[in-house]
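Asker: Kindly generate the corresponding structure for this input.
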Amino acid sequence: MSHLFAIRRTFVLTVLFSMVSVGTLGGRAVASESTDQEAENSKLAADVKELLRSRCSQCHGKDQQIADLNVLSLESLLADDQVVPGDASNSRLYEILIEEDEDTRMPKGAPPLSEKELALVRHWIEADAPAFPADIEQPVEEDRDDSLTGLVGVDYVLKQILAHQRTLPAEKRTRMRYFSCNHLISGGATREQLDLQRKALAKAANHLSYQPRIAPLEIVDGETATVFAYDLRDLGWHVQPYRNAAKEANRATYNLYDLVLLEYPYSIAYEASETYDRLAMEYMHPAGMVRPIPYVRVDWFCSTALQPALYHDLMQLPTHLDDLEKQLGVDAHGNVRDGIAQRGAVAVSGVSHNNRAMERHPSDHGSYWKSIDYASSKGRDNLFADPINLHGAGGEMIFSLPNGLQGYYLATGDGLRLDAAPTEIVTDKFSEDKTVRNGLSCIRCHDRGMKPFRDDVRAAVIDLPGSYGFDKRKVAELYPTKQAMDELIEEDRERFLTAMKKINGDDSDDETLTPVARRFMDAPIAYNTAIGELGLRSENSFEGMFRSPQFAGAGLVPLSNNGVIRRDMWEDYFPSVVEFLGLGVPVVPVDAITRPDFRVDGSSVDVVLSTSKKNNLFSPGDDLVIFAKNEGKTQVYVEMIGTGVGGEKVVLIPAGRTLAPGETLRFPESGALKVQSTLGNEKITLFTSLDEFEGGQVLSAKHMADRFVHPFYKLNVHGAVAQIEQNAGRIEKRTLTIETR
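Answerer: Coordinates of the predicted model:
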């Protein structure tokens, strides 16, 4: 502790003691202010601890202390002036975080801290570096399942779900779906961090609902609060979109939540576990889930379900803007014509690189906003040249949900739905690659609802003398006064903030999704993180596993020596690590839309997928032939599907077709496909296996992405034992993209 800091503390204590001697009323005021300050400091310290844990602890944590520094220990940080309380400028920790030299700046080998994160660290130091809160202890697991003794938290979560199921009436049990953040405890988590996960889950789920009320999130495990439950009906996720498909062959009874399970990469079926067997018998089997997954992780859900394709499907967003406006009861063109729409525009915004106009329309549940964004600010793209007739390159649509939150939609200038916006037009400051992706990017940006802005058009145009090629009276009608626009924005903000208060259960305005999603998606995976996500005990040593030839060659060797890997690599090899350790049966998301490729480690399958053009680039009218050649030494079973420019899927080669060593499969068998005039990307996906497998089914429904789903991981219960049939762990998937231009 520095001498200066000691003087400051003495001064503060002297002031406080002198104030206590004032009258009773003054004492109460001081006590209240002190309590508020303590709460603020506690939250500040918790936020900084989680930031340092996610960005720095893989090299400077409890288990790995390079340079003898543990960033999770205030005592360690205070040593050697790493942190000088009250003086960020002379704190070595802060200096190394803001260092401009990439070779010196920390965290090494990872993106630098954002300005907001740096400001958080500086604020904490300047606030005299209040002590970090303690981490939550893993709950005691009594009567642990013998088959799960080597794991931590797994038996606890499964037993909590089972116990919760047994408290419910029979008709409600199959409607419940579960989430957990318990895996964070093994790697270290404060109460504040776990609460952040809970609030992020509640915010994410309710942003994916058209129900009229905020859906209540139920805490399953009491004060620990790491296991949560939703009733599907409270969110509207019980809907079965493929049940009434136009063609009988495309029908299925999967509900919206089943689509989440098809994408989930971290589930393990613990077949030798009595707890898992009972959960299968009493809950999963009766619920008829598409995959036997008792719960999904909160951080994965908040990061993945709010992005395409899940975001579009859970929200059942149509592929064209005109259809969205019909759903919302909005006649945008008529509203502009009749003076109902209210518009504002700016030359420069915080998101768009160029001109941007924002247009508000009344909708069935509040408001509907559409932005008009431009590729440049010159010529026809200069909206100030004609602020009435706008011709943008695309835009973002924001619409009120019945529960008070907001839905989002990205579209081209022609109204076609986009998964992501072009970065040359708009950017996402929260995303590592700056790409605005529909759903998550919009939610993080609009964390307090609609953003206020100052219109540049009315003031610039309304008082212009003479004629300028447009009707100034129409401009005055379309572009309201600042006061009128501010009132509309505030009305929409209040609707949103009222809903958020119901979600959080308090008046806090903290953004919860951003830190949860950023930690999951952007923070590199260190050894301790990987071990925690597998449910293993950190005190046991598994570094040798990552040095084995199987995984070292796959790029996992950094986990054996204080290094880190990326999230996408970890997800690719998660099933192989689970099998290597004998933890259970990994439920592989081989049918996931978000996983175009999946390869089995150590597989002898070697099938090369190609087309009649080496670069897979075609023009309308070209002949197209698809080839699959077995270059391995063993016969393989294959199945091939095609995905069109609009996402429509069709079976090209049904399951059951075999390829002998050296044999080439040709599609079509004779002749060629004639490339159509529709421009864009099409995909060819090939499923291969050494074993015969049952074919998949194309699911197709209005406003839903086509899916190709196999009957993998059938859950059968025999007496009190659950068995998994049709394990997809040996099936490989390859996807080839064909571009027409």
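
Asker: mind checking how far Ala347 is from Gly584?
Answerer: 58 Å (Cβ to Cβ, to the nearest Å). All C-beta atoms are positioned from the backbone trio N, CA, C, and that covers glycine.

Asker: more crowded one of the two?
Answerer: Applying other Cβ atoms under 10 Å to Ala347 and Gly584 shows that Gly584 carries more neighbours, namely 22 against 15.

Asker: what's that one in contact with, if anything?
Answerer: By Cβ atoms under 8 Å, 6 or more residues apart in numbering, the contact list for Gly584 reads 268-273, 578.

Asker: do that again at 10 Å, thanks
Answerer: Counting by Cβ atoms under 10 Å, 6 or more residues apart in numbering, Gly584 touches 147-148, 151, 154, 267-273, 276, 535, 578, 724.

Asker: for Val260, same thing?
Answerer: 177, 208, 237, 290-291, 293, 296, 300-301, 304-305, 310, 313-314.

Asker: if we go to 8 Å?
Answerer: 296, 301, 305, 310, 314.

Asker: ditto for Gly344
Answerer: Going by Cβ under 8 Å, 6+ apart, Gly344 touches 357-358, 453-455, 457-458, 479-480, 485.

Asker: Could you rerun that using 7 Å?
Answerer: 358, 453, 455, 479, 485 (Cβ atoms under 7 Å, 6 or more residues apart in numbering).

Asker: quick one: it from Ile684, how far?
Answerer: In this view, Gly344 and Ile684 are 46 Å apart by Cβ to Cβ.

Asker: can you tell me the helix or strand for the most centrally placed residue in the chain?
Answerer: Taking Cα atoms, centre = their mean, the centroid of the chain lies closest to Ser303, which sits 1.3 Å from it. Assessed by DSSP states H and E, Ser303 sits inside helix 298-304.

Asker: Not counting that helix itself, show me its contacts.
Answerer: Applying Cβ under 7 Å, 6+ apart, the contact partners of helix 298-304 are 179-181, 197, 200-201, 204, 263-264, 266, 310, 513, 516-517, 519-521.

Asker: what's the following helix or strand after the helix or strand harbouring Ala460?
Answerer: Using DSSP H and E, Ala460 sits in helix 457-461. Where DSSP H and E defines the elements, the next helix or strand beyond helix 457-461 is helix 472-478.

Asker: Buried ones in the following helix or strand past that next one, by neighbour count?
Answerer: Going down the chain from helix 472-478, the next helix or strand is helix 482-504, by DSSP H and E. Going by neighbour count (16 or more other Cβ atoms under 10 Å), the buried part of helix 482-504 is 485, 488-489, 492-493, 495-496, 499-500, 502-504.

Asker: and which of the residues you listed is nearest to Gly449?
Answerer: Phe496 (3.1 Å; Cβ to Cβ).

Asker: Just give the number of residues close to the nearest residue to that closest one once chain neighbours are set aside.
Answerer: Among residues not flanking Phe496 along the chain, Gly449 sits closest, at 3.1 Å (Cβ to Cβ, 6 or more residues apart in numbering). For Gly449, the tally of surrounding residues (other Cβ under 10 Å) stands at 23.

Asker: tell me the contacts of Gly449?
Answerer: Contacts of Gly449 by Cβ under 7 Å, 6+ apart are 406, 492-493, 496-497.

Asker: Of those residues, which pair is most distant in space?
Answerer: Greatest spatial distance among the contacts of Gly449 (Cβ to Cβ): Gln406 and Leu497, at 11.3 Å.

Asker: And the residue nearest to Arg741 when sequence neighbours are not counted, how close does it get to Asp414?
Answerer: Closest residue to Arg741 apart from its sequence neighbours, by Cβ to Cβ, 6+ apart: Leu679 at 5.5 Å. Distance of Leu679 to Asp414, given as Cβ to Cβ: 13 Å.

Asker: Now list whatever residues contact both of those two.
Answerer: By Cβ under 7 Å, 6+ apart, no residue touches both Leu679 and Asp414.

Asker: Could you report the pLDDT at Ser21?
Answerer: At Ser21, the pLDDT value in this model is 37.

Asker: An error on my part: the question was meant for Phe399.
Answerer: Per-residue confidence for Phe399 comes out at a pLDDT of 98.

Asker: can I assume it is in contact with Ser363?
Answerer: Yes: with contact defined as Cβ atoms under 7 Å, Phe399 reaches Ser363; the gap is 5.9 Å.

Asker: quick one: which of the two has more around it?
Answerer: Phe399 (22 against 16).

Asker: for the chain, what are the low-confidence residue spans?
Answerer: Applying pLDDT under 70 to the chain flags the ranges 1-34, 63-65, 109, 350, 466-468, 509, 539.

Asker: rerun at 50
Answerer: 1-25 (pLDDT under 50).

Asker: do you know how far the residue nearest to Arg741 is from Thr685?
Answerer: To Thr685, Leu679 is 21 Å away according to Cβ to Cβ.

Asker: Look at these two and report which has more neighbours.
Answerer: Higher neighbour count among Leu679 and Thr685: Thr685, with 19 against 11, using other Cβ under 10 Å.

Asker: quick one: secondary structure of the more buried one?
Answerer: Here Thr685 is recorded as strand under DSSP: H, G, I helix; E, B strand; the rest coil.

Asker: In space, what's closest to Glu432 - neighbours in sequence excluded?
Answerer: Closest to Glu432 by Cβ to Cβ, 6+ apart is Asp522, at 5.0 Å.

Asker: Pull the number of nearby residues for that neighbour.
Answerer: 18.

Asker: quick one: it and Lys502, what's the gap?
Answerer: To Lys502, Asp522 is 29 Å away according to Cβ to Cβ.

Asker: tally of neighbours for Leu148?
Answerer: Leu148 is flanked by 24 other residues according to other Cβ under 10 Å.

Asker: how close does the residue nearest to it when sequence neighbours are not counted get to His361?
Answerer: Excluding its sequence neighbours, the residue lying closest to Leu148 (Cβ to Cβ, 6+ apart) is Asp155, at 4.3 Å. Applying Cβ to Cβ, the value for Asp155 to His361 is 53 Å.

Asker: same check, this time on Asn250
Answerer: 35 Å.

Asker: Asp433 too?
Answerer: For Asp433 relative to His361 (Cβ to Cβ), the value is 32 Å.

Asker: what does Ile136 give?
Answerer: 47 Å.

Asker: cool, and Asp492?
Answerer: For Asp492, the distance to His361 - Cβ to Cβ - is 12 Å.

Asker: Quick check: Cys56 touching Pro107?
Answerer: Yes: using Cβ under 7 Å, Cys56 is in contact with Pro107, at 5.5 Å.

Asker: re earlier: any common contacting residues for Asp492 and His361?
Answerer: With Cβ under 7 Å, 6+ apart as the test, Asp492 and His361 both reach Ser367.

Asker: Confirm the residue nearest to Phe496 sits in a helix?
Answerer: No: assessed with three-state DSSP, Gly449 is coil; it does not lie in a helix.

Asker: Strands of the stretch 301-450 of the chain, start to end?
Answerer: With DSSP state E, counting those that start in this stretch as the criterion, the stretch 301-450 of the chain has strands at 342-346, 356-363, 366-373, 394-400, 406-412, 417-418.

Asker: Are there residues contacting both of Phe399 and Ser363? Which ones?
Answerer: Leu328.

Asker: Just put the contacts of Gly449 in CSV and tack on distance to Asp331.
Answerer: Formatted as CSV, the contacts of Gly449 follow (distance: Cβ to Cβ, whole Å):
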residue, distance to Asp331
Gln406, 20
Asp492, 19
Arg493, 25
Phe496, 24
Leu497, 28
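
Asker: just to revisit the earlier point, the more surrounded of Asp433 and His361?
Answerer: His361 (22 against 10).

Asker: Would you mind measuring from that one to Gln342?
Answerer: Distance, His361 to Gln342, using Cβ to Cβ: 8 Å.

Asker: Repeat that for Tyr254.
Answerer: Relative to Gln342, and taking Cβ to Cβ, Tyr254 is found at 42 Å.
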